[in-house]
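> fold the following, please.
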Amino acid sequence: MTASVKSAVFPVAGFGTRVLPATKSIPKEMLPVVDRPLIHYAVTDAVEAGVERIVLVTGRNKGALEDYFDIAYELDRSLEMRGKEEARAAIRAFLLRPGRVLYVRQMEPLGLGHAVWCARHAVADGPFLVVSPDDLIVGETSSARQLIEAHARTGGAVVAAMDVPRAEVGRYGVIDTDSPDGALVPIRGLIEKPAPEAAPSTLAVIAHYLLPPDVFAILEEQQAGAGGEIQLTDAIAALIGRTPVHGLRFSGRRLDCGTTLGWLEANIAMALQHDEYRAAVLGFLKQSEESGAKRAPPV
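Take a look at the predicted model:
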């Protein structure tokens, strides 16, 4: 029987440089996808999967994240006085009990591995999730629940994975495995951002993980990897041989909201799943397509 997963770490200290200038004055995790910010989706998925402790690893100018998971007294009172109870209930519905959301400061941008290491004292002594809100996975079952269910079968570490074109492997950590087929594959090695010709497979790691607490001792060594940063992928690779490490081909569609195009795609994808907006969005897309088809080609 594996230990239950009660903690989730969200590395949210980054500058969001891939979506500037939108993120010049607001955290990228607060960019809205339809009617709620990215961080809302990530935290809600973890809570619905049974996680009790939410750890946000923040940096400078990330106060909006803390405010989002707090009561906005002035707004709450204004909505109450104006009789807007539906809106008032909506901003209270996702608030967690005091003490369930913890904030840790990553003082220097030294990589994802360093961000996770900064959360070591806030995570209970057991397996925990690490979730990048940038990677929004849309499907019937959240990635958090899928990882927890996979961990219940295998123990050890489980990383979310998906197949990518070989030309794109240099953007990811790539899995080396003897058993490349199937939803849950044993990992014998991980290579961070390999050249296409050197990649052991095209099965790429996505920034959703379930890790054992043993990873903190490895991250404590502060060994810099690709890009001069402390890579979480390197620490997971060091777990191989000490504990089971598996890659999970998750079900669902991954949308990289850390890029402007991915964020736009996410808004469309989520709007099409929304009962209130689906018909209007479909109509707008059809109208836009017809309008574009009628335009004269450029000279």
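> for the chain, longest helix please?
Looking only at the chain and at elements set by DSSP state H, the helix with the highest residue count is helix 278-294.
> run the chain-centre distance for that helix.
Helix 278-294 has its average C-alpha position 31 Å from the chain's average C-alpha position, going by CA atoms, centre = their mean, to the nearest Å.
> stretch 243-260 now?
On the basis of CA atoms, centre = their mean, the separation between the geometric centre of stretch 243-260 and that of its chain is 9 Å.
> measure that stretch end to end?
Using CA to CA, to the nearest Å, the end-to-end distance of stretch 243-260 comes out at 38 Å.
> ok so, going back, export the longest helix of the chain as CSV, just CAs?
As requested, C-alpha coordinates have been extracted for helix 278-294 and formatted as CSV (Å, rounded to 0.1, in the frame of the first residue of the first chain):
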residue,chain,number,x,y,z
ARG,A,278,-19.9,27.2,-26.5
ALA,A,279,-22.6,28.3,-29.0
ALA,A,280,-21.4,31.9,-29.2
VAL,A,281,-17.8,30.9,-29.7
LEU,A,282,-18.6,28.4,-32.4
GLY,A,283,-20.7,31.0,-34.1
PHE,A,284,-17.8,33.5,-33.9
LEU,A,285,-15.3,31.1,-35.2
LYS,A,286,-17.6,30.1,-38.2
GLN,A,287,-18.2,33.8,-38.9
SER,A,288,-14.5,34.6,-38.8
GLU,A,289,-13.7,31.7,-41.1
GLU,A,290,-16.3,32.8,-43.6
SER,A,291,-15.1,36.4,-43.5
GLY,A,292,-11.5,35.3,-44.0
ALA,A,293,-12.4,33.2,-47.0
LYS,A,294,-14.1,36.1,-48.7
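> mind listing what's buried in that helix?
Buried positions in helix 278-294, judged by neighbour count with 16 or more other CB atoms under 10 Å: V281. Bear in mind the C-beta positions are built from the backbone N, C-alpha and C, glycine included.
> who's in contact with that helix?
If you take CB atoms under 8 Å, 6 or more residues apart in numbering as the criterion, helix 278-294 is touched by I268, A271, L272.
> any chance of these in a markdown table, with secondary structure too?
Output for those, formatted as a markdown table (DSSP: H, G, I helix; E, B strand; the rest coil):
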| residue | secondary structure |
| --- | --- |
| I268 | helix |
| A271 | helix |
| L272 | helix |
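> whichever of those residues end up buried, select them in ChimeraX.
Selecting only the buried entries of those in ChimeraX, with 16+ other CB under 10 Å as the criterion:
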select :271
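> contact partners for A46?
The contact partners of A46, taken as CB under 8 Å, 6+ apart, are A8, I54, L129, V131, S142, A144.
> before we move on, the earlier item: which of the contacts of helix 278-294 sits closest to I175?
Sorting these by distance to I175 puts I268 at the head of the list, at 29.8 Å, by CB to CB.
> for S25, see how far away the closest one is.
Going from I268 to S25 by CB to CB, to the nearest Å gives 25 Å.
> same question for P11.
Taking CB to CB as the criterion, P11 is separated from S25 by 20 Å.
> more crowded one of the two?
Neighbours were counted for P11 and for S25 using other CB atoms under 10 Å; P11 has more, 28 against 8.
> just give me the neighbour total for R249.
Neighbour count of R249, defined by other CB under 10 Å: 15.
> who's it bridged to?
Per DSSP bridges, residues listed as beta-bridge partners of R249: A161.
> please tell me how far it sits from G258.
The gap separating R249 from G258 is 21 Å, by CB to CB.
> need the helices for the stretch 101-250 of the chain, in chain order.
Remark: helices assigned in the stretch 101-250 of the chain by DSSP state H, counting those that start in this stretch are 112-118, 143-154, 215-219, 232-239.
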